[in-house]
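Enquirer: the following block contains a protein sequence and its predicted model.
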Amino acid sequence: MSESAYSLQESIKQLPGNIKESVFRREGGTPEQEQAAAIFGNVFLHLHPARVHINSLRLSYTYGLGLISFFLFLLLTASGVLLMFYYTPATQLAYRNMKDLEYVVSFGIVLRNVHRWSAHAMVAFVFLHMCRVFYTGSYKAPREFNWIIGVCLLLLTLFLSFTGYLLPWDQLAFWAITVGSNIAAYTPWIGDSVRFLMLGGNEVGQMALLRFYVLHVALLPLVAVVLLAVHFWRIRKDGGLSRPQNS
Amino acid sequence: MSHEKEEIFPRDPNKTYSLMTIVDGDSFQVEHGPDDTLLSWPHLMVRELLLFLLVFVVILGVSLLFNAPLEEAANPLHSTNPAKAPWYFVGIQELVSYSAFLGGIVAPVLIVLSLLLLPYLDRNPKGVGVWFSADRKLATFLFSIFVIAMIILILIGQFVRGPNWALYWPWM
Amino acid sequence: MQNSSNATTLPMDAADGMVNEDRRGFVKKLGVTALALGVVGAVVECGRFLKPNVLYEPSRVFKVGEVNQFPFGSRTVIEGKAVEIVREKDGVYAISLVCTHLGCLLKPVLNDQEIGYSCPCHGSNFSPKGDVLGGPAPRALPWYDVYMDNTGNLVVDASKENQKRTKLVV
């Protein structure tokens, strides 16, 4: 090869094409191949199969309940990360931060509302999604394991919501967590240790706020993301959404 | 070999067949019989994006109209009356107000355990993919009892329990 | 030694391609055991790490004031400590104001012969001595140790329950 093939001028000419090719990592094909590659050539979308059964697209079958739950999770992640910029997990500051979000920060109240209402909606929709899966018998072989992961995700959703409940540090939060942690203390034998570890002390205070914060913004979302990925991937591996056998 | 081909694409005796054209085999469907699948892109993805848009718009609309609740700052010296857990735990709290151990530990643990074991206990493969299939009336019935009980407990705890956790009617 | 040549003989070759299963099994067991020990150790360490050694909470042993601040027949709520000091003819005792049900703060009921305390959260009622009269509370209200220090102040030790419900005679 002559050196001119690698000249700067040529490189600049080919720049858009080369960047595009390096990002999408595919060469042209038939339209059908291109469309399939749009799914399996994408690290996020390849959790989907390249082709889906028409039954999966019937809105009256799934009502999109699982997808709605996932979209709410996305909204919660986005609004939650933004809210973190104005929140301090300290008992003297947390409530003041809430008031600041309400009256001082631009669009602060809207973001807080989005976060709160999405959280309530997510608990409801995850539960509805579970009902859909039950009533259509979709937990049966070969989808047993995905049902288990789904139950874990329901519990995670509840824990995420519960840990977030304390963060505004208002009366509602304080007494709800006091009551909740005392329910946990009724566990036989280890109840008091569970409560002590959960609160990081004997009463709901600074340590409890910090613990709930770390669980809420780091640990639980991380676990949820991993389980969500497995949950979606298993749908594909288990043969797509359930459907009547003869169709 | 022709026998195998027929299995892929079963011959309908009511139809006549003739060769229309020969095309290059560059489709994934070559050597496959007709099936009821569609490409995820665009058929599935476009629907998903539309649904996301809908969810986003609804949540944003609700957020612009209604403010999230915020009471006065936490005060360990004064219990609110009544002190309620978040709504999804209020059903459990209602049980707890009868018996803390049975309602707060035994019932939730039993619920979670039975949910986890459900697919291994119900091995009947019938009725998959159909809403309220007639083949699984018992399962539908039992699960409905669970769902309705949860909803009723949550409604009682959330709306019918007043100060001192006494029953009161919200419209009175 | 048999291996007098320069070439090092691998154990696999030594047995004519046969694997030494005993040795392999032993190494496998050793590896799995080490891994299990490591995981268990890490879990225990994490659990212990999460249990705080120092609590920045108000001390559970605290002074409540001199005896003459509590006249005979008085019931005095100590703000912020969830404790009530009761002074009777035959002595003083300190009773917890934390509901044994779910930890709500009890409200003392005055001018009632039977009910001494009631819980605003779930409606448990307690007698003036702390016994459960009704509601979901599973246990009676604990009495705490009370003693007088050398300055004449009453001191409550909320970390020790007064099981026998003895009154401090002053």
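Expert: Ah, there it is. Quick caveat, the model's predicted, so the values are computed rather than measured. Numbering: from 1, shown residues only, chains lettered A, B, ... in the order given.
Enquirer: quick one: name the residues of chain C near chain A.
Expert: For chain C, the residues in contact with chain A (C-beta under 8 Å from any C-beta of the partner chain) are C:47, C:50-52, C:55-57, C:60, C:101-104, C:121. Quick note: C-beta positions are derived from backbone N, CA and C, even for glycine.
Enquirer: report the buried members of those residues.
Expert: The neighbour count (16 or more other C-beta atoms under 10 Å in any protein chain shown) marks C:101, C:102, C:103, C:104, C:121 as buried among the residues of chain C next to chain A.
Enquirer: give the contact list for residue 114.
Expert: Looking at chain A here, since you left the chain open. By C-beta atoms under 8 Å, 6 or more residues apart in numbering or on different chains, the contact set of residue A:114 is A:75, A:79, B:59, B:60, B:63.
Enquirer: my question was about chain C
Expert: Neighbouring residues of residue C:114 by C-beta under 8 Å, 6+ apart: C:127, C:133.
Enquirer: how much space between it and chain A?
Expert: Distance from residue C:114 to chain A, counting by C-beta to the nearest C-beta, to the nearest Å: 26 Å.
Enquirer: for that residue, what are phi and psi?
Expert: Backbone torsions of residue C:114, given as degrees, to the nearest 10, read phi -90, psi -50.
Enquirer: how close does the residue nearest to residue C:103 when sequence neighbours are not counted get to residue A:198?
Expert: Among residues not flanking residue C:103 along the chain, residue A:182 sits closest, at 4.2 Å (C-beta to C-beta, 6 or more residues apart in numbering or on different chains). Going from residue A:182 to residue A:198 by C-beta to C-beta, to the nearest Å gives 10 Å.
Enquirer: again with residue A:44
Expert: 35 Å.
Enquirer: and these two? Which one has more around it.
Expert: Taking neighbours as other C-beta atoms under 10 Å in any protein chain shown, residue A:44 and residue A:198 compare with residue A:198 leading, 21 against 9.
Enquirer: what about the strand or helix carrying the more buried one, average pLDDT?
Expert: Using DSSP states H and E, residue A:198 sits in helix A:191-199. For helix A:191-199, mean pLDDT rounds to 91.
Enquirer: where does the chain dip in pLDDT?
Expert: Assuming you mean chain A. Low-confidence segments of chain A (pLDDT under 70): A:1-5, A:246-247.
Enquirer: not what I meant, chain B
Expert: Checking chain B against pLDDT under 70 turns up B:1-10, B:23-34, B:172.
Enquirer: what's the burial count for residue C:160?
Expert: Neighbours of residue C:160 under the rule other C-beta under 10 Å: 14.
Enquirer: pLDDT score for it?
Expert: For residue C:160, the predicted pLDDT is 86.
Enquirer: does it belong to a helix, a strand or coil?
Expert: Following DSSP: H, G, I helix; E, B strand; the rest coil, the label given to residue C:160 is strand.
Enquirer: partners of the closest residue to it other than its chain neighbours in the sheet?
Expert: Distances taken as C-beta to C-beta, 6+ apart place residue C:145 nearest to residue C:160, at 4.3 Å, with adjacent residues excluded. Taking DSSP bridges as the rule, residue C:145 bridges to residue C:157.
Enquirer: what about residue C:145, how many residues nearby?
Expert: Residue C:145, neighbours per other C-beta under 10 Å, totals 18.
Enquirer: before we move on, what about residue A:143?
Expert: Counted with other C-beta under 10 Å, the neighbours of residue A:143 add up to 22.
Enquirer: give me the phi and psi for it.
Expert: Residue torsions, per degrees, to the nearest 10, at residue A:143 are phi -100, psi 20.
Enquirer: wait, it sits on residue A:238?
Expert: Yes. Taking contacts as C-beta atoms under 8 Å, residue A:143 lies within contact range of residue A:238: 4.9 Å.
Enquirer: skipping its backbone neighbours, what lies nearest residue A:110 in space?
Expert: Here the residue nearest residue A:110, using C-beta to C-beta, 6+ apart, is residue B:63, at 5.5 Å.
Enquirer: residues near that neighbour, how many?
Expert: Using other C-beta under 10 Å, the number of residues around residue B:63 comes to 22.
Enquirer: host element of residue A:78?
Expert: Taking DSSP H and E as the criterion, residue A:78 maps to helix A:65-84.
Enquirer: ok, residue A:97 touching residue A:89?
Expert: No. Using C-beta under 8 Å, residue A:97 is not in contact with residue A:89; the gap is 9.4 Å.
Enquirer: can you pull out the helices in chain B?
Expert: B:2-8, B:45-65, B:87-96, B:100-101, B:107-121, B:137-155 (DSSP state H).
Enquirer: which other helices and strands contact the second one?
Expert: Using 3 or more C-beta pairs under 8 Å, 6 or more residues apart in numbering or on different chains; DSSP states H and E, the elements in contact with helix B:45-65 are helix A:65-84, helix A:108-135.
Enquirer: run the angle between the first one and helix A:108-135 for me.
Expert: In this structure, helix A:65-84 runs at an angle of 160 degrees to helix A:108-135, with axes from the mean of the first three to the mean of the last three C-alpha atoms, to 10 degrees as the basis.
Enquirer: okay, the angle between helix A:65-84 and helix B:45-65?
Expert: Interaxial angle of helix A:65-84 relative to helix B:45-65 (the same axes, to 10 degrees): 50 degrees.
Enquirer: write out the residues of chain A neighbouring chain C.
Expert: Taking C-beta under 8 Å from any C-beta, the part of chain A that reaches chain C is made up of A:175, A:178-179, A:181-183, A:196-197, A:200-203, A:205-207.
Enquirer: which ones among those are found in strands?
Expert: Cross-referencing these against strands under DSSP state E gives no overlap.
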